[in-house]
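Asker: could you work out the structure for the sequence below:
(chains A and B)
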Amino acid sequence: MSEVVVIDSGGANLASLKFALGRIGARARFTTDAQDIRNAERVLLPGVGAAGATMQRLQNLGLVPVIKSLNCPLLGICLGMQILFEHSEEGDTPCLGILPGKIKRLHPTIGLPVPHMGWNTLEQSGADPLLEGFPSSAYFYFVHSYAAEKNANTIAISKYGGPLTAVVRRANFYGVQFHPERSSAAGSKVLDNFLKLK
Amino acid sequence: MLAKRIIPCLDVREGQVVKGVRFRNHQIVGGILELSARYRDQGADELVFYDITASPQGRSVDYSWINRVASILDIPFCVAGGIRSVADAELVLNAGAEKISVNTPALTDPDLIDRLAARFGSQCVVVGIDSETTESGYRVFCNTGDPDRSSNTGRETLAWVKEAQERGAGEIVLNCMASDGVRKGYDIVQLRAVRALCHVPLVASGGAGCAQDFREVFAEAGVDAALAASVFHNGTVIIQDLKKYLKNTDIEVRP
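Answerer: Numbers count the residues shown, from 1 in each chain, chains lettered A, B, ... in the order given. Modelled structure (predicted):
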């Protein structure tokens, strides 16, 4: 059974990620230990809650430079993807700055409530090993009130009013705005693809 | 595009899934895990588990089953019933639920919504509202899990919907009590009134009797999701068939 290091970013609901990894034969090892993270073959960065509290936690644990200097594949999930960027409007929070760009609040309009909550499809801008093995019509589960606009590192968008960044990649740093752990078979496939990245 | 969600609701009482008519005369429908797996495989977009005994009897939910449900579900689920503190909510979310839903405790302690949203984020916080049409308009009822204690709070439904959002609710489930369990269709008029001032996702509840009722509530009331129990439990509506029908009538759904 392969093991995957998951940074315990302080969100309450890490159980769903643990179970989702278990269903594809991987064991989640939750950690806040810098050495553990540096030695990992791959790292998951989940995030649920507020950007400010999560960044504060990573700073207090001394993990900000550790995450930024990783050379192995890293996958940020939901808020874990958002904090890869430079800044979030949520609590006016400086973030990790691994990816250029800012996270902005979604504003509700008629027919488009916020949070963007539910199942949405992806539009990929190119092939990527993270996004193989499921039909292009596959739906993924989203729940978020802040988002990254489409940018140079966006590899898939979802449409909610305008386009928003659904999947991002820069070198070994990946991020998904949706929750692969709660996105049925397609979500499992994304996690499985991540576990196979070299 | 974002798909409309179909949400089976599993009323849980003492480890079993039950269903009554207008909140009364509950009968056992099946085991929690068995039904969770069935609806997952049929294509449910999300599940809601509602501990109907929790709120009225002044006790909290038994959380052990939530962990077992989380281990088999690869779709999101929400737990309602008996959550009256941040600590209760934390246990439920730690056990693997995506969302928690508060109803009666939010009516007696509205600041609970603020505290939950501050701690976990609005996306986790669902406010359930049991609403009935009275002589003076739409009113919110509390303790509806127990017919002997169910009562009119005097609160106007529309005002409560606004307040709940301002306090940080990330989703509203509006259960129209007169329609619940009687399968005559959703209360389109009331749902439209709520939709007009609801800027967070709105889930319709109460009244689904056939596939056409789902189409109507999506097309006419503009809700984001439709919740139902009895039509799924008794097999009147099979989720795969419902989704095919909706897709064929131009309602976007996840296959």
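
Asker: wait, residue B:129 sits on residue B:171?
Answerer: No. If you go by C-beta atoms under 8 Å, residue B:129 and residue B:171 don't touch, sitting 11.1 Å apart. The way it works is simple: take the backbone N, C-alpha and C, and place the C-beta from them, glycine included.

Asker: ok, those two, which is more surrounded?
Answerer: Between residue B:129 and residue B:171, counted using other C-beta atoms under 10 Å in any protein chain shown, the more crowded position is residue B:171 (28 against 25).

Asker: ok, that one - contacts?
Answerer: Listed by C-beta atoms under 8 Å, 6 or more residues apart in numbering or on different chains, the contact set of residue B:171 reads A:115, A:117, B:99, B:125-127, B:200-203.

Asker: next up, phi/psi of it, please.
Answerer: Phi and psi for residue B:171, reported as degrees, to the nearest 10, are phi -160, psi 150.

Asker: so how far is residue A:69 from it?
Answerer: Counting by C-beta to C-beta, to the nearest Å, the separation of residue B:171 from residue A:69 is 39 Å.

Asker: in chain A, where's the longest helix?
Answerer: The longest helix of chain A (DSSP state H) is helix A:184-196.

Asker: who touches it?
Answerer: A:2, A:4, A:20-21, A:23-24, A:26, A:42, A:44, A:73, A:75, A:129-135, A:138-141, A:174, A:176, A:178-181, A:183, B:74-75.

Asker: how far does stretch B:177-196 stretch from start to finish?
Answerer: 20 Å (C-alpha to C-alpha, to the nearest Å).

Asker: give me the buried positions along it.
Answerer: Within stretch B:177-196, the residues scored as buried using 16 or more other C-beta atoms under 10 Å in any protein chain shown are B:177, B:179-181, B:183, B:185-188, B:190-191, B:193-195.

Asker: now tell me what touches that stretch from outside.
Answerer: Outside stretch B:177-196, the residues touching it (C-beta under 8 Å, 6+ apart) are B:19-23, B:130-133, B:138, B:141, B:144, B:157-158, B:161, B:172, B:174, B:176, B:202, B:204-210, B:213, B:216-217, B:220-223, B:226, B:229-231, B:236.

Asker: off-centre distance for it?
Answerer: 13 Å (C-alpha atoms, centre = their mean, to the nearest Å).

Asker: just the strands from the chain, written as ranges.
Answerer: Because you didn't say which chain, this covers chain A. Secondary structure of chain A by DSSP state E: the strands cover A:2-7, A:26-31, A:43-45, A:74-77, A:87-88, A:93-94, A:102-105, A:116-121, A:123-124, A:139-144, A:146-148, A:154-160, A:162-170, A:173-176.

Asker: actually it's chain B I care about, not the one you picked
Answerer: For chain B, the strands defined by DSSP E cover B:5-13, B:16-21, B:24-31, B:47-51, B:77-80, B:99-102, B:125-134, B:137-142, B:151-156, B:171-176, B:202-205, B:225-228.

Asker: parallel or antiparallel, which strands does the last one pair with?
Answerer: Neighbouring strands of strand B:225-228 in its sheet, by DSSP bridges, are strand B:5-13 (parallel), strand B:202-205 (parallel).

Asker: can you check the fifth one too?
Answerer: Each strand that strand B:77-80 pairs with, and the sense of that pairing, follows from DSSP bridges: strand B:47-51 (parallel), strand B:99-102 (parallel).

Asker: which of those strands has the lowest mean pLDDT?
Answerer: Here the lowest mean pLDDT among the strands paired with strand B:77-80 goes to strand B:47-51, at a mean of 91.

Asker: for chain B, what are the nearby residues on chain A?
Answerer: Contact residues, chain A versus chain B (C-beta under 8 Å from any C-beta of the partner chain): A:12-16, A:19-20, A:22-23, A:48-50, A:108, A:111, A:113-121, A:137, A:139, A:141-145, A:159-160, A:179, A:181-185, A:187-188.

Asker: okay, and the beta partners of the residue nearest the centre of chain A?
Answerer: Residue closest to the average C-alpha location in chain A (C-alpha atoms, centre = their mean): residue A:77, at 2.0 Å. Counting by DSSP bridges, residue A:77 forms beta bridges with residue A:176.

Asker: closest approach to chain A from the stretch 101-250 of chain B, which residue is it?
Answerer: residue B:199 (4.1 Å; C-beta to the nearest C-beta).

Asker: from residue A:112, how far off is that residue?
Answerer: When distance is defined by C-beta to C-beta, residue B:199 is 9 Å away from residue A:112.

Asker: just residue A:143 next, same as before
Answerer: According to C-beta to C-beta, residue A:143 stands 14 Å off from residue A:112.

Asker: show me which of the two is the more surrounded one.
Answerer: Using other C-beta under 10 Å as the criterion, residue A:143 and residue A:112 rank with residue A:143 on top: 24 against 15.

Asker: show me what contacts the more buried one?
Answerer: A:78, A:115-118, A:179, B:76, B:98, B:123, B:170.

Asker: can we see that at 10 Å?
Answerer: By C-beta atoms under 10 Å, 6 or more residues apart in numbering or on different chains, the contact list for residue A:143 reads A:48, A:78, A:115-118, A:177-179, A:182, B:76, B:98-99, B:121-124, B:170-171, B:201.

Asker: repeat for residue A:42
Answerer: A:2-5, A:26, A:70, A:72-75, A:172, A:174, A:194-198.

Asker: near residue A:57, how many other residues are there?
Answerer: Considering only other C-beta under 10 Å, residue A:57 is surrounded by 18 other residues.

Asker: so it makes contact with residue A:45?
Answerer: No. Using C-beta atoms under 10 Å, residue A:57 makes no contact with residue A:45, being 11.8 Å away.

Asker: any idea how far the residue nearest in space to the middle of chain B is from residue B:127?
Answerer: Per C-alpha atoms, centre = their mean, the C-alpha nearest to the average position across chain B is that of residue B:173, at 5.2 Å. Applying C-beta to C-beta, the value for residue B:173 to residue B:127 is 7 Å.

Asker: any common contacting residues for these two?
Answerer: In contact with both residue B:173 and residue B:127: B:80, B:101, B:103, using C-beta under 10 Å, 6+ apart.
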